[in-house]
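**Q** missing the sequence, but the structure's below:
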């Protein structure tokens with residue numbers, strides 16, 4: 001069985017595990033812009049010691065390119081862990097990241113997120129470059 005067969009997909013507006021990609025529809029070639037990827041934009045995802053998002057990874061696949069390029073991998077460690085017990089810690093990391101990127105050609109961003117209980121989830125967003 002392939003790993004790709006275990007990656008789940010859904011509309012982030014209806015599924016709290018699907019990462020939401022917030023980026024312009026169209027950008028200028030060579031001009032930096034922000035891409036924000038996060039969970040819980042429409043439906044909150046729990047962020048507890050027992051149930052949380054561990055990481056988000058962002059990739060870019062040029063329309064005319066053969067390979068997908070990793071933009072970044074972002075880990076979240078604060079889930080309320082503490083020596084006095086679960087959910088008693090002082091910090092909770094919100095599963096969202098913003099990265100500044102520059103593109104030279106159109107393509108598609110792919111975001112993956114890992115929920116410690118519900119596994120791998122993926123979303124995508126096409127970007128036009130002028």
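**A** Done, it's in. Owing to the predicted nature of the structure, the values given are computational and were not obtained by experimental measurement.

**Q** any idea how far residue 112 is from the residue lying closest to residue 77 once chain neighbours are set aside?
**A** Beyond its immediate neighbours in the sequence, the residue positioned closest to residue 77 (Cβ to Cβ, 6 or more residues apart in numbering) is residue 93, lying 6.3 Å away. Using the backbone N, CA and C atoms, a C-beta is placed for each residue, glycine as well. Distance of residue 93 to residue 112, given as Cβ to Cβ, to the nearest Å: 17 Å.

**Q** do you know how far the residue of the chain most remote from its centre is from residue 13?
**A** The outermost residue of the chain relative to its centre, with distances by Cα atoms, centre = their mean, is residue 84 at 30.9 Å. The gap separating residue 84 from residue 13 is 37 Å, by Cβ to Cβ.

**Q** now swap in residue 4 and tell me
**A** 24 Å.
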